[in-house]
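Peer 1: Need a 3D model of the following:
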Amino acid sequence: MLRRSLILSPSLLLFAARPVAGGLAQGPALPAEAGSLFPAQSPEAVRETVVAAHGNVVRLKALVGRQPTLAKATWDWGFGDWESALGGASHMGHREIAEYLIANGAQPTIFSAAMLGHLDVVRAFVAASPGVHLVRGPHSIPLVRHAMAGGAAAKPVVEYLTTLGDADAAAPRPPLSAAEIEQLTGAYRVDGSAEPVVITWASGALSFALAGRSRGLRHRGSLEFSPAGADNVRVVFAQAGGTVTVTVRDPDVVLTARKAL
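Peer 2: Numbering: from 1, shown residues only. Below is the predicted model:
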């Protein structure tokens with residue numbers, strides 16, 4: 001991938017380096033010897049592979065059959081919600097796709113093991129790292145939900161994880177009042193960009209959209225939210241002087257926008 005494309009691609013606009021209110025911490029510069037043309041797989045092919053792994057067996061096999069290293073494809077859906085092709089197949093319960101990806105070089109995980117019904121593997125993970133069953137997968141989906149997606153073959157894994165007591169504990173979601181929903185929803189202007197951040201309310205939750213991509217937000221309290229699959233990221237709303245702002249922190253300020261009047 002060209003470095004220029006990485007920085008300027010609309011699909012990655014959210015994380016493009018640009019000055020914003022409050023400042024933006026800059027990452028380390030790439031070494032000069034890395035060059036701008038170092039070979040990398042097409043972002044479009046990577047994304048398509050991850051999407052296909054959610055259930056399109058024919059397309060998945062066409063992509064990986066032609067370029068086997070795509071079996072390891074991983075995509076950031078936004079805010080650091082990384083998902084591998086195998087991760088997608090695992091939480092969707094697609095055994096054929098998962099086994100095909102592993103056969104072509106995808107690295108097995110506790111999530112794929114849970115979906116495939118590999119009870120001994122899951123037990124070994126938990127014994128080696130107590131509490132690992134609480135680590136959430138892509139989109140913040142719990143491990144036990146991957147096992148449930150595996151159907152009858154994974155039922156022993158579901159039963160085992162259930163005995164741990166808190167495997168499917170839901171994170172608290174303090175409710176928003178009607179006034180707060182009205183206050184927060186709308187279009188927000190980002191300095192230096194024609195693309196607005198759009199906050200909407202649907203199915204009982206806020207959604208953050210920018211440049212054609214969107215993520216659901218989980219309310220943590222005091223108008224602070226985390227995007228799906230990125231529990232350490234904070235999307236914070238504040239009101240001062242009649243102006244509502246939204247700030248994304250990871251942990252430094254990534255983006256600040258003001259609600260359009």
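Peer 1: give the contact list for the nearest residue to W77 once chain neighbours are set aside.
Peer 2: Of all residues not flanking W77 in the chain, E83 sits nearest, at 6.2 Å (CB to CB, 6 or more residues apart in numbering). From N, CA and C alone the C-beta is placed, and that goes for glycine too. Listed by CB atoms under 8 Å, 6 or more residues apart in numbering, the contact set of E83 reads 50, 74-77, 138-139, 229.
Peer 1: In strands, which of those residues appear?
Peer 2: Among the contacts of E83, the ones falling in strands (DSSP state E) are 74-76.
Peer 1: As TSV, those with distance to D166 would be great.
Peer 2: Output for these, formatted as TSV (distance: CB to CB, whole Å):
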residue	distance to D166
T74	28
W75	29
D76	28
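Peer 1: Throw these into JSON lines and include neighbour count, pLDDT and distance to F225, thanks.
Peer 2: Putting the ones in strands among the contacts of E83 into JSON lines (neighbours: other CB atoms under 10 Å; pLDDT from 0 to 100; distance: CB to CB, whole Å) gives the following:
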{"residue": "T74", "neighbour count": "16", "pLDDT": "98", "distance to F225": "24"}
{"residue": "W75", "neighbour count": "21", "pLDDT": "97", "distance to F225": "22"}
{"residue": "D76", "neighbour count": "18", "pLDDT": "96", "distance to F225": "18"}
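Peer 1: who does the one helix or strand T162 maps to touch, helix- and strand-wise?
Peer 2: Using DSSP states H and E, the element containing T162 is helix 155-163. Helices and strands touching helix 155-163, by 3 or more CB pairs under 8 Å, 6 or more residues apart in numbering; DSSP states H and E, are helix 110-116, helix 119-128, helix 143-149.
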